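1. generate coordinates for the sequence data below:
(chains A and B)
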Protein chains: 2
Amino acid sequence: MRPLRAIEYARRHRHRFVAELKDFVRFPTVSSQAKHAADIDRCAVWLAGRLKRAGMGGVRVVPTGGHPLVYAASEKVPGRPTVLVYGHYDVQPADPLREWRSPPFLPEVRGQNLYGRGACDDKGQMFAHVIALESWLMTERALPVNVKCIFEGEEEIGSPNLSGFIDKNNRALRADVAVLSDTRMLAPDRPAISYAERGTLSIELEVQGPEQDLHSGNFGGAVHNPLQVVSDLLAGLHDASGRVAIPGFYRKVRLPANAERDYMARVGPSDEEIMRDARVSQAWGEPGFSLYERTTLRPALTLNGVAGGYQGPGVKAVIPARAVAKLSFRLVPDQDPREIENMFRRHIRRVSPSTVKTVIRASAFVNPVVLRRDHPAVRAAALAYRNAFGSAPVFLRSGGTIPVVGLFREKLEIPTVLMGFALPGDRMHAPNEKFHLPNFYKGTETCIHFLHEMSKASNGLSPAQISEGSLTYGH
Amino acid sequence: MRPLRAIEYARRHRHRFVAELKDFVRFPTVSSQAKHAADIDRCAVWLAGRLKRAGMGGVRVVPTGGHPLVYAASEKVPGRPTVLVYGHYDVQPADPLREWRSPPFLPEVRGQNLYGRGACDDKGQMFAHVIALESWLMTERALPVNVKCIFEGEEEIGSPNLSGFIDKNNRALRADVAVLSDTRMLAPDRPAISYAERGTLSIELEVQGPEQDLHSGNFGGAVHNPLQVVSDLLAGLHDASGRVAIPGFYRKVRLPANAERDYMARVGPSDEEIMRDARVSQAWGEPGFSLYERTTLRPALTLNGVAGGYQGPGVKAVIPARAVAKLSFRLVPDQDPREIENMFRRHIRRVSPSTVKTVIRASAFVNPVVLRRDHPAVRAAALAYRNAFGSAPVFLRSGGTIPVVGLFREKLEIPTVLMGFALPGDRMHAPNEKFHLPNFYKGTETCIHFLHEMSKASNGLSPAQISEGSLTYGH
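-> So this is what the prediction gives:
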């Protein structure tokens, strides 16, 4: 079986696939907002139907304690490797809505891009795999490897039910490798394989003061203001240089060998590129590291939201009863989310004034992950990119977190190849998210080639070693 | 004319007056929320009708650029002093709604209190004056002094149209003294006259970072976070001891003579009383001053609200594009709101990092006010309290701000007597605001007596001297 006919099929039906992707994006599948539960259900049914039309077997919409996931599996041919294709059809909230040029759930093609919430993260990238399967099945009547699909509806809320699903279906989900397209390339002609992800830990810090809001004229100057306390606490989390000021925070951070830092400097994005992507004119952060290193090799603590007091129009003379901050850590080897949580709790306990009460809620504990690039599945992905994009991928560290990678490693004992097609300017999680259509087309061809290359790499598949020290670089 | 029949009338109709006050509170006259504009109009019409039924002449609902004000005037008798009764029928927003035991605009009597937004601030207290007028007019067919009423619908949003109204009607509004009941007594049996108000200045501080929200996985650690910057800036506004840390802030603060501080310590609320009113177990603030002094003699800077980033349920991995803080200063003699604004701007400019842009919007400039207690109208008020409550009032400084006092001083050249009937626990501006009904009854009688005492104090009325140094104390 050669991929030529499948590639040709994918090219011939491009217009239909873009139209279908628009249908897919049109579902407002915001998993964190209860009001969208029915939209998510409808989207899962649509996706299951789409997999069936692609020719996949065993298609099921699987109910969970939360939003459903969509499962499919090709007929198993013994002796062939099995690829587990993972993706997610839920999306981030679209707010602030007023900053979108076109409505987030009315996808629109402008120039070479498709705009809409989820166009890139992750509907567009996962849809490339669905089309790849169809392209094989409609031209060759079979896939070159065994394929199982898990398309999840809760990735953006931390996959609360995925772990349970894997536990219950551990045998059925057995595979040699997982593949996930939800990461970034460097540029349209510079493909990339992500081999490292930061871990994460989310914190909600609540400061409780007076039993109820007080008049700031009557009590201003005599009662400690929870909003002021939360500002003090937040300000104290970084030192003046931009380093996290929680005692012990950097103790377990392991710096990779110079060879890797040299490789990163050679192939990775420059400070200027990262600043251009972020559309900021000045950088910030820990001294002694490039921006690429700050966002991948180094941990970070980000303030995601603060709410307290009066936020309406005009003025309200109030000392609020409470204030809440939402924070998230990005962690690197060998930081452990539970240890960091404890450090954070100890630190806040030590510096909080006795005039208020602080409450800390932690969630989303994900370990950092690093994958060996000499794994056969990684090599297969590299060849697939070369065939589809015309150039070999570079190996990148990513600053984000993909909890499922750790889950597959832990529960299924398989590595996950991160074969992403997003571009730095695609504004994942932000207003005006888009997917670059040439990447949608070439990404689809990469998926087609990947299945082909995997059929050749039938032996030598073994669990990835999560050992950063043994990484080797250079082509 | 003696007040006995008027007093008797007020007592006889108590139940009706409470029912009418409930009708008054039922209008949701939240002046800061555009959706309540029609409610405010309806309430103004109701109030005008109520003044007519009380027997007042010249009643008018006066349109302004914003919410209307209600005006009334008795027939002028030459040679008698003229009292300008000021009050406001608009109220603060009622949120957070879930903290109310009974809905804010469905007034309810529980025990000796009437609960509802505006029950105390200022509908209940101003209604006492309306009833006092009715009690005179229905029993004596005339008032003992000339009376003009201005009942405003925009006090809680800084009286944006009152100044223009006074300018246009300067001659019509001529009076010898103004009286306003919108301040607190010490306890149900301890009446008080407020002789000092703090000034105010409201600030909105906006920090602008990246053009749009960024993914905190991709950019966390490399882009300066506006929420973090605003936290740093807010934390830097106070030093560790609780003093405002803006250079020059205390330079013009004038400490009164020891005699006044001794008097304050003798008659004013204790630290324990203030903490009990605020329902906090620990105090906070500038060392070296009692809580009463901190909230009246000393200036304060209060953080009223902060908004930035994601505030919904769960987690959103975002570096927000901007963050906004709402702050208010309370100022004391001889601080000038414009000077303080400039100090604040200079300070923020000096300490803001170059990675973000800061925008400062200032509003509500009100000077602090101090009134002589030996003014004939103040003496009349003291006698009125003594007759109604059975004990002489103490003289209190207030921590709040009543902009109209400065306006009357400046535009009409008259002093304003602050003859309040609120209690410390009445929760003005907070959930479960209430008015103590015995204070409503005795307050009404105080208003009746005040008009009588004013008729005896016909001479010697002159503009108050705003000179703190010459205050004398003791009865």
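
2. C-alpha only now, for contacts and for neighbours.
-> Will do.

3. okay, now the domains of chain A?
-> With domains defined by automatic domain parsing, chain A comprises A:4-197+A:368-470, A:199-253+A:299-366.

4. nearest to B:Trp284, of the ones you listed?
-> Evaluated over the domains of chain A, closeness to B:Trp284 peaks at domain A:199-253+A:299-366, with 5.0 Å, by CA to CA.

5. near chain B, which residues of the stretch 351-475 of chain A? Just list them.
-> Proximity of the stretch 351-475 of chain A to chain B is confined to A:355, A:398-401, A:427-431 under the rule CA under 8 Å from any CA of the partner chain.

6. near chain B, which residues of the stretch 1-150 of chain A are found?
-> Residues of the stretch 1-150 of chain A lying close to chain B by CA under 8 Å from any CA are A:32-33, A:92-93.

7. list the helices and strands whichever helix in chain A runs longest packs on?
-> Across chain A, the longest stretch assigned as helix under DSSP state H is helix A:437-456. Helix A:437-456 sits against helix A:4-12, helix A:125-140, helix A:376-389, with contacts defined as 3 or more CA pairs under 8 Å, 6 or more residues apart in numbering or on different chains; DSSP states H and E.

8. can you pull the alpha-carbon coordinates of that helix into PDB?
-> Extracted as PDB, the C-alpha positions of helix A:437-456 are listed here (Å, rounded to 0.1, in the frame of the first residue of the first chain):
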ATOM      1  CA  LEU A 437      -5.500  26.400   5.500                       C
ATOM      2  CA  PRO A 438      -2.300  25.400   3.700                       C
ATOM      3  CA  ASN A 439      -1.300  23.800   7.000                       C
ATOM      4  CA  PHE A 440      -4.700  22.100   7.100                       C
ATOM      5  CA  TYR A 441      -4.000  20.600   3.700                       C
ATOM      6  CA  LYS A 442      -0.400  19.600   4.300                       C
ATOM      7  CA  GLY A 443      -1.200  18.500   7.800                       C
ATOM      8  CA  THR A 444      -3.800  16.100   6.400                       C
ATOM      9  CA  GLU A 445      -1.100  14.700   4.000                       C
ATOM     10  CA  THR A 446       1.300  14.400   6.900                       C
ATOM     11  CA  CYS A 447      -1.300  12.300   8.800                       C
ATOM     12  CA  ILE A 448      -1.700  10.100   5.700                       C
ATOM     13  CA  HIS A 449       2.100   9.700   5.400                       C
ATOM     14  CA  PHE A 450       2.400   9.000   9.100                       C
ATOM     15  CA  LEU A 451       0.200   6.000   8.900                       C
ATOM     16  CA  HIS A 452       2.200   4.700   6.000                       C
ATOM     17  CA  GLU A 453       5.600   5.300   7.700                       C
ATOM     18  CA  MET A 454       4.200   3.600  10.800                       C
ATOM     19  CA  SER A 455       3.400   0.500   8.800                       C
ATOM     20  CA  LYS A 456       7.100   0.300   7.900                       C
END
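
9. tell me the angle of it relative to helix A:376-389?
-> 140 degrees (axes from the mean of the first three to the mean of the last three CA atoms, to 10 degrees).

10. contacting residues for whatever residue of the stretch 351-475 of chain A ends up closest to chain B?
-> Nearest residue of the stretch 351-475 of chain A to chain B: A:Gly400, at 3.9 Å (CA to the nearest CA). Taking CA atoms under 8 Å, 6 or more residues apart in numbering or on different chains, we find A:Gly400 in contact with A:197-199, A:296, A:330, B:216-218.

11. please, where are all the helices along the stretch 301-450 of chain A?
-> Taking DSSP state H, counting those that start in this stretch as the test, the helices found in the stretch 301-450 of chain A are A:337-351, A:376-389, A:403-407, A:437-456.

12. could you say which of those helices is packed most deeply?
-> helix A:437-456 (a mean of 25; mean count of other CA atoms under 10 Å in any protein chain shown).

13. mean confidence score for that one?
-> On average, the pLDDT along helix A:437-456 is 97.

14. next one: that helix to chain centre, how far?
-> 20 Å (CA atoms, centre = their mean, to the nearest Å).

15. one more: stretch A:12-21?
-> 25 Å.

16. only alpha carbons, please: show that stretch as CSV.
-> C-alpha atoms of stretch A:12-21 as CSV (Å, rounded to 0.1, in the frame of the first residue of the first chain):
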residue,chain,number,x,y,z
ARG,A,12,-9.4,16.4,-4.7
HIS,A,13,-11.9,16.9,-1.8
ARG,A,14,-10.2,19.9,-0.1
HIS,A,15,-13.2,22.2,-0.6
ARG,A,16,-15.6,19.7,0.9
PHE,A,17,-13.2,19.2,3.9
VAL,A,18,-13.0,23.0,4.6
ALA,A,19,-16.8,23.2,4.5
GLU,A,20,-17.0,20.3,6.9
LEU,A,21,-14.5,21.8,9.2
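
17. Throw the residues of the stretch 351-475 of chain A next to chain B into JSON lines and include pLDDT, thanks.
-> What follows is those, written out as JSON lines (pLDDT from 0 to 100):
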{"residue": "A:Thr355", "pLDDT": "95"}
{"residue": "A:Ser398", "pLDDT": "89"}
{"residue": "A:Gly399", "pLDDT": "91"}
{"residue": "A:Gly400", "pLDDT": "88"}
{"residue": "A:Thr401", "pLDDT": "86"}
{"residue": "A:Arg427", "pLDDT": "91"}
{"residue": "A:Met428", "pLDDT": "89"}
{"residue": "A:His429", "pLDDT": "85"}
{"residue": "A:Ala430", "pLDDT": "89"}
{"residue": "A:Pro431", "pLDDT": "94"}
